[in-house]
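Colleague: Just need the structure, nothing else, for what follows:
(5 chains)
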Amino acid sequence: MAIFSGLMMITSKNPVHSVLWLIVTFFAISGHYILLNAQFLAIVNIIVYAGAIMVLFLFVIMLMNLNKETEPQKNRWLKLAGAVAGGCLLLVMVAALKDSDIKQQQALVKEGNIGLIQTLGKELFSTYVVPFEISSILFLSAMVGAVVIGKKD
Amino acid sequence: MPINYYIFLALALFSIGVAGVLTRRNAIIIFMCIELMLNAVNLLLVAFSKMHHLQMATTNAVAGTDGQLFVFFIMVVAAAEVSVGLAIIVMMYRNIHSVDVNFLNRLKH
Amino acid sequence: MQNALQIVYLIPLLPLIGFLINGLGRNYLSKPVISLVGCGTILASFILSIWVFIQVRGGNTFDPHYFNFISVGKLVIPFAFKIDQLSSLFLLIITGVGFLIHVYSTSYMHEEKPEHFGRYFSYLNLFVFSMLLLVMGANFVILFIGWEGVGLCSYLLIGYWFKNTAYNKAASKAFIMNRIGDLAFLIAIFWLIAKLGTVSFSEVFAATNLAKLKTLDITVITILLFIGATGKSAQIPLYTWLPDAMAGPTPVSALIHAATMVTAGIYMIARSNVLYSMSHITMDIVAYTGLATALLAATIALKQNDIKKVLAYSTVSQLGFMFLALGTGAYVAAVFHVMTHAFFKALLFLGSGSVIHAMSGEQDIRYMGGLSKKLKITFITFLIGCIAIAGIPPFSGFFSKDAILLSAYIKSPVLYGIALFTAMLTAFYMFRLFFITFTGSFRGTEEQKHHLHESPAAMTIPLVILAVLSIIGGLVGVPEAIMHGGDKLTAFLSPVIAQHAEHTVAHSTEYMLMGLSTGLVIVMIIAAWFIFRNYQAKEATGLGKVLENKWYVDEIYDTLIVKPLKKLGSFLNDIFEKNVVDGMVNGVGKLVNYGSRQMRLLQSGQVGAYVLLMVLSMVVFFVIQFFIRK
Amino acid sequence: MIAVLLILVPLLTGFASFFIKNEKTVRSWALFSSLVTLGVSLTGLIWLKDPKYLSHTCEWLPALGSSFSVKLDGLGLLLTLLNAISFPVIFIATWNTPYRKANNFFALMLLGQAGMMGVFLAMDALLFYFFWELALIPMYFLCSQWGGEKRIAVTFKFFIYTFVGSLLMLIGILYLYNKTTSHSFSIQAFYDAGATLSAKQQNLVFWLMFIAFAIKMPIFPLHTWQPDTYEQAPTATTMALSGVMVKMGVFGVLRWLFPIVSGAAFQWGDFLTPLSIIGMIYASLIALRQDDMKRLIAYSSIAHIGLLSAGLFTQNTSGLQGVMIQMFSHGINIIGLWIVVEWIERKTGTRKLSQLGGLAQTAPSLAVFFVIIALANIALPLTNAFVGEFLIFNGILSSYTQYYLWFTVMAGICIILGAAYTLRMVRKAAYGNTNEITGAVTDISLSEKVALGIIVLLIFCIGVFPQPMLDLTSGVTESIANKFEVIRYPVVMPK
Amino acid sequence: MNALIVSAVLGVVMMFSSVWLKSKAAIRNVAIAGMVLLVAVNIMEFCGVQLFHIDTKGMISFDKFALVFNTVIFVSTLLYYLLSARDMEKVGLNYAEYFALIFFILCGVTLSSSFQSLLVLFLGIEIISIPLYILTGSDKRNLKSNEAALKYFLLGSFSTGILLMGIALVYGAKGSFNTEVIDAYFQGSPSVLLIGGMLLLMFAMAFKVSVVPFHFWTPDVYDGAPTVFTSFMATIVKAAVFVAFIRLFDQAFGLLQAQWQLFIAVLTALTLLIGNITAVFQQSVKRMLAYSSISQAGFMLLAVYAMNTDAKEGLLLYTAAYCLATIGIFAVLIKMSDYTFEGFNGLAKSQPLLAATTTVFLLSLAGIPMTAGFLSKFYMLKAAMATGKNLWLVIFAVLMAAVSVYYYFRVIQAMYFKEGEPQQISATASFKWTLIFLAALVILLGIFPGLIIGWLYF
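Modeller: Predicted coordinates:
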């Protein structure tokens, strides 16, 4: 499901369609999160990604009204090469990692409470408070950046 | 559920993202592919976090949370990146009225 | 006790001082002062030499040691002199003849500008200095220093008229050919050092050391030394420089290229006679080379028209005789001939100088003739010289040459035959020269004719003195056969030159030989008289032409050695150096530039391409890590 | 004390002279400083007996195990003396040569001198490398700032060429450093480390370091930078380069190569001696065909250096001793030759032999000096070069190789060729008739007379009394030669 | 810690300073003052004065190395301000914001030099990168700048993806982000997940420090970005990421050295080769410097390859030498009207002082003795040599160093030996004095490297 929609995403001509396909992918991934009993992340994923970010994308695309098959073909070879390279990467990594020493281990499904908001919250504001603060700096800089770039002059 | 499935799934998504970056010319879509790569990573991290939780739940009740928190941070960063990235793309578009990366060839050699 | 010979160091020192004074002051001193200094110093050392000679005759030899020239590791080369019979004799010859020629030069060169006049005399003094160093040196290195020094002076004096390019070329030629010999000499010295660790005569010739040497070593060393001698003493194959050396002023030719320098080789071999006597191969080589040279030079001399060239070739030929003597073990005879030759050849050269002077620079005998009337003294002295060289008793040449012929006969009749034939040739070409120059009618231009005049006293007096010496000079070596105890020279030199196995011949044979040679010589003279009494110049043909062109030896050398070297040089310079050696270096630079130009293209500016390359390299790395490395 | 002064004096005065704008002043300043340096190095000779004044050591890079340690031993004394003598002579000789931005010129010259001093004094590998490069940089700037029209490319080639060499040497140094037990760059530690190396390692180090020295000397076929550089560089610099700088290569071999990797040096001797001799003949033959005096002298210098390196690889007392004194003599003689060429070029505006001639008439004093120096150049007895060449040839003939005779003869050929091309140069430049170029020339002025006078004086002093100079270096020579004796001994006596 | 927080605060201050302060000079002075403060507090921390007591739960540790390195970085940033702050005005209107972003970047630098958890590493690198994207594109009407920004952004975030994948795999193998835990002892062959993650991390870091074959962004971005900021990212940022690189592989993958050493060696060789050879043929000095920065990265990579005390000391010295020299050259370059080599013709005549100092910097980059550049290269070679294997790498490195001389000296030749039309260059006295100071520093470090390295053992 996720893979299929992912593929659709990168193949569909029309940017808008690929955005929509990407959203589908995100939903699928969130599904996996829920399956893995990580509700918090699932929600955040849907809200932040499928919601905010993708909408942002859509806006931009609309703004540039690219919502038609504008993209001219780039030369076949490079495209092919790209696809092949991606395939190779997949192949190689899978082949490399398939016989890892943890392959027989299981991922806990449907139980375990670490995915729940309160656990995460506790951890976040106890152990991970410093990175959290740091990420605020990140946001600050991103904001400044957006201003710098966006401001008309 | 065997962890390998998740590994393969994540790798697949990741590679799809890479392939997308390689094949597409539209800057926005390339960017979206990168987002896809990030999500693949997220998925993998969550799977791992659950795996480690399963291993060490007895000793450490909160084992594995770090993985999920990392995912959270990744999302944060991604959001920030998106804001900046889109800003840059828009700026680009303002100037050359295209988001085709093939037009980015003033700088070479 | 203080040895009476303490002061020998003055003998070379005085000429050196003269050289310094004349050399540095040549711009300030007047000609008379220069001549005074030039001749005075030599005269002084001449007087000293006489005194030394007397001392030595009294049996007082002396080896002063001044300072260590070079001492490295075990090798010690002192700066030391060796005053013994041989060297004292040479001292006499050098300073004596040298002095006369200095005197002669004062008037011969009087037209020169003062500074050049000064230069000339400084060179002469320097020459005498080095020559004295050569004969006084107590070891091969000092000898070599003098050896090179005289070479230098001959170079400087041949090129004395430096405006003339041909002269300079001749000078360089002389120097370089000498260098070839010197190289062999040097190697011989190194060989001695390698084998014996010493170069001083006394130690080398000490029996204990000689015992150490293998025959091979001795042969090699002696041959190398001999090659050195061929360079300096103008023997085959290195003789061609000497005729060209006539470019220098005539007194120089007399002093350096006849009387003294060219005999350095003979001195050196005589000095190391002990070594030579131990290697028969070398002896033969020396003998045959000498003989061949004598013959070759004599033949060439037959057809030369330049008065000085004739004398030059005769010098070569005479030197050949001396080497023949050395080769046949008659060292004394060689030294003897050196002495007599010094007298009469100097006489002849100075005579020719006086002729040239009278002819205002003309050297070609075809434009002379009938000079006997105008230049009386020159005429007579020259005649004496010719008789002496031809070897008519009782003139000096007779005794020395006879001694050589005798020793040749002892060695083998064949040698004797050829030597005799050469002697006849000598007589013939000398008198050819004589008759063409002095008899017949004058063939020069008119103003030359009425410009003809006898040379001033400063020139004629040396001529006379030398003439006298050439007459009586031979009496120091009268053969036993004629007068018992007449051979004083041998007796005098016996401490230095060991007389090895005496195989004397019956006196009757000796008389016979003498008579034969004398007779033939006289025949030759008469023949010359008939042929050249009134000579008319005509084009030489056939063999004559070959002889006139000196057997084309110079040309052969030029094509075989000089030209190829030059070609090689140009090839290396223009092609090899530029394209190969330097090409390699520049090639690297070009390669880098080329690579740079290609690698720039990697930077295509296409994001897609960049990512593609990155991903591919990642794949490669993964493959290496997971599928190849283990 | 002395050692430090030798470096400091030219260094400081050099920096100072950057700021002396007036040309005359800076000339005299440079001359003064070089004379002071000379004085210092002569005092060094006086204190030869008590070496406590001759060496100095202090902390520098303790972390790296490198210390600022300089010392004057016989070898160092010899070459610093050469260095100290050369520069006053150069300054006097070029007194009348005009330079743009004279202050920079003389400053760089003095800095170069300081660098070379350091090279000859350093007792610490890193310090040695420091100075090695430091000597190079000013020379580079001098050549490409004040040189001929092709200067930039040529000197750049020269720079890169030598730089590559020295970098390889740096690796060699580092390699040895890793082998030292005490992890120090001090020369003693290096000597000890060298002894412990295996044959393969020795070869590696030998080549890494030898390349640098070979380029500097230079040895055929690494010589191509030299003629161009000598031709293009301002003659004063050329004097410094050929008089002193090329000795750095020989010096390096003597101090940093032979004592450390004697085994490899011995093993490669049979390969390098013929190479140097080929180089000699090669250079001589080319010199025979040169028309440009500077190029001719350059090639003759290559030939002489070839002889030096051949002497090095005789690796016996006589040969090495010869090398020592020949280094000095060659420096003196070639500087003399350059002075003559410099004067000729300045007066006639050409260096082409084909355009010269008859200078002996218009400039007799020059001709006299010229002839004397030329004769010294071909090693006539009683000139300085004779002693060196005599010893070197003697060394070659008695060297430990079965080809010694061939080597001697081959090298000997160069004596003849040397005479040929030198006399050719003299003949074409000084003799013959004057032409419109040389006709108008006036004779040399006082400054040149003084400079050439000093040169000639040295030529004869060393030529007649070489012994003091030989004694100076005998200690060093012995120690090196003994190292090789030790190696040879088992070979000489087969079991 | 001090530095981290202070720089963050300063960033905020700068943001608002544009509101309060009208004159650019004032803003500049505030920034410079702030920089001085930053240096001061960092040194205070070095001397053990903690302004803030925050328990980072073992995520960050400001050890000596990190602190010394930060000092170096801050000082060079200060010098960078003094030299080039003026020239930021030319870029665009948001003068204060540029400073703010630079301060934020410095936060990132402090993080990446002192992280103990991959999370912090990730955040640090992102905090460095995101403002850089913006600074690159800050010259908005200049297409080159835009293009550079977009390229940098796309490739940068792509590499971020790789970085994250690597981190994820490592986490999968070890179950933690903490470097000690990751480096904890294991028996038998290490898990493939770990190695795969390690490789991916290597690629990502290689990208950030522009190591061949992940260097492609560098020339374009450096060329396109406004020169002022090129100067900044070519020096300080690069150095910072390098420290992160060596820290990561030292602390997290120290035990895996056998696995990655060969790869690093190969990468080094490639980087030296491409960087140097390509630089030879460049026509613009700016682009040449971009490639030279790649080749210098190759040399610094030797430190990662060797990974011993020499290497760390050396890297410290190297970053100092490299930053100082490059900042200096760029400062001069900015003043030039023409960035090609011909632009430098005859500079020695019109601006002797600039020429002289530039020469010192170039010599330092080329690694000539008496300059810091030599000793730093020397350290690198020494370290690599100390590993006792792969001698070919060292020899190759020096050969490439020789090549580098070629293009560095082209500038010197242009300045001194070629004639050129004099161009008016506005160089204030303070600017000149700072240059002199910089040059003096370069030479001083070239003779007494102890001035920096000594602090490690203080």
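Colleague: CA atoms for contacts and neighbours, from now on please.
Modeller: Fine.
Colleague: List the residues that contact the nearest residue to D:Trp132 once chain neighbours are set aside.
Modeller: The spatially closest residue to D:Trp132, leaving aside those adjacent along the chain, is D:Val119, at 5.7 Å (C-alpha to C-alpha, 6 or more residues apart in numbering or on different chains). Contacts of D:Val119 were listed using C-alpha atoms under 8 Å, 6 or more residues apart in numbering or on different chains, and they are D:128-129, D:131-132, D:248.
Colleague: residues from chain C in reach of chain D?
Modeller: C:68-73, C:144-145, C:148-149, C:162-165, C:168-169, C:172, C:176, C:179-180, C:183, C:187, C:190-191, C:193-194, C:565-566, C:568-570, C:572-573, C:577, C:581-582 (C-alpha under 8 Å from any C-alpha of the partner chain).
Colleague: Counting neighbours, which of the residues you listed end up buried?
Modeller: Buried residues within the residues of chain C next to chain D, counting neighbours by 16 or more other C-alpha atoms under 10 Å in any protein chain shown: C:69-72, C:144-145, C:148-149, C:162-163, C:165, C:168-169, C:172, C:176, C:179-180, C:183, C:187, C:190-191, C:193-194, C:565, C:568-570, C:572-573, C:577, C:581-582.
Colleague: Just the ones of the residues you listed in strands?
Modeller: Among these, the ones falling in strands (DSSP state E) are C:69-72.
Colleague: Any idea how many residues pack against the residue of the stretch 251-400 of chain E found nearest chain D?
Modeller: Residue nearest to chain D within the stretch 251-400 of chain E (C-alpha to the nearest C-alpha): E:Pro369, separated by 5.5 Å. Residues near E:Pro369, counting by other C-alpha atoms under 10 Å in any protein chain shown, number 24.
Colleague: which bits of chain C sit near chain A?
Modeller: Where proximity means C-alpha under 8 Å from any C-alpha, the interface of chain C facing chain A comprises C:608-609, C:612, C:615-616, C:618-619, C:622-623, C:626.
Colleague: no no, the stretch 51-200 of chain E
Modeller: Within the stretch 51-200 of chain E, the positions adjacent to chain A are E:56-57, E:93-94, E:97, E:101, E:104, E:119-120, E:123, E:126-127, E:130-131, E:134, E:137-138, E:140, E:173, E:191-193, E:196 by C-alpha under 8 Å from any C-alpha.
Colleague: What about chain C: which of the residues you listed touch it?
Modeller: Under the cut-off given by C-alpha under 8 Å from any C-alpha, chain C has E:Gly196 from these close to it.
Colleague: What's the PyMOL line that selects buried ones from the residues of the stretch 51-200 of chain E next to chain A?
Modeller: With 16+ other C-alpha under 10 Å as the criterion, this PyMOL line picks the buried residues out of those:
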select buried, chain E and resi 56+93+94+97+101+104+119+120+123+126+127+130+131+134+137+138+140+173+191+192+193+196
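Colleague: Please name the nearest non-neighbouring residue to the residue nearest to the spatial centre of chain B.
Modeller: With distances taken as C-alpha atoms, centre = their mean, the residue of chain B nearest its centroid is B:Leu38 (1.4 Å). Setting aside the residues directly before and after it, B:Leu38 is nearest to E:Gly161 in space (C-alpha to C-alpha, 6+ apart), at 5.7 Å.
Colleague: That neighbour contacts B:Leu36, correct?
Modeller: No - at 9.2 Å, E:Gly161 does not count as touching B:Leu36 under the criterion of C-alpha atoms under 8 Å.
Colleague: one step back: the residue nearest to the centre of chain B: helix or strand, and which one exactly?
Modeller: Here B:Leu38 is covered by helix B:27-56, with elements defined by DSSP states H and E.
Colleague: how about the helix or strand that that helix is followed by, does it get close to chain C?
Modeller: Sequence order places helix B:65-96 as the next helix or strand after helix B:27-56, per DSSP H and E. No - contact check for helix B:65-96 against chain C, using C-alpha under 8 Å from any C-alpha: none in range, with a minimum separation of 14.5 Å.
Colleague: Off-centre distance for stretch D:363-375?
Modeller: Averaging C-alpha positions (C-alpha atoms, centre = their mean, to the nearest Å) puts stretch D:363-375 23 Å from its chain's average.
Colleague: and that stretch, does that touch chain C?
Modeller: No - contact between stretch D:363-375 and chain C, assessed by C-alpha under 8 Å from any C-alpha, is absent, since the two come no nearer than 8.9 Å.
Colleague: buried sites along stretch D:30-41?
Modeller: In stretch D:30-41, the ones that count as buried by 16+ other C-alpha under 10 Å are D:30-31, D:33-41.
Colleague: Next, C:Thr315: secondary structure please.
Modeller: Secondary structure state of C:Thr315, per DSSP: H, G, I helix; E, B strand; the rest coil, is helix.
Colleague: so what pLDDT did the closest residue to D:Asn22 other than its chain neighbours get?
Modeller: In space, not counting the residues next to it along the chain, D:Asn22 is nearest to D:Asn103; the distance is 7.6 Å by C-alpha to C-alpha, 6+ apart. Note on D:Asn103: pLDDT of 90.
Colleague: Give me the contacts around the strand or helix carrying C:Thr378.
Modeller: Secondary-structure element containing C:Thr378, defined by DSSP H and E: helix C:376-390. Contacts of helix C:376-390 with the rest of the structure, by C-alpha under 8 Å, 6+ apart, involve C:341, C:344-345, C:347-348, C:351-352, C:354-355, C:371-372, C:395-398, C:423-424, C:426-427, C:430-431, C:434, C:438, C:454, C:460, C:463-464, C:467, C:470-471, C:521.
Colleague: Which of the residues in the helix or strand following that helix are classified as buried?
Modeller: Towards the C-terminus, the helix or strand next in line after helix C:376-390, according to DSSP H and E, is helix C:396-411. Residues of helix C:396-411 classed as buried under the neighbour-count rule (16+ other C-alpha under 10 Å) are C:396-409, C:411.
Colleague: okay, now the nearest residue to E:Ala290 once chain neighbours are set aside: neighbour count?
Modeller: Nearest residue to E:Ala290 in three dimensions, chain neighbours excluded: E:Pro219, at 5.2 Å (C-alpha to C-alpha, 6+ apart). For E:Pro219, the count of nearby residues is 26 (other C-alpha under 10 Å).
Colleague: Provide the secondary structure category for the residue nearest to D:Trp132.
Modeller: With three-state DSSP as the basis, the three-state label of D:Val119 is helix.
Colleague: so who does residue 92 touch?
Modeller: Since no chain was named, I'll use chain A. Residues near A:Val92 by C-alpha under 8 Å, 6+ apart: C:619, C:622-623.
Colleague: looking at chain D here, not the other one
Modeller: D:Ile92 makes contact with D:31, D:447-448, D:450-451 under the criterion C-alpha under 8 Å, 6+ apart.
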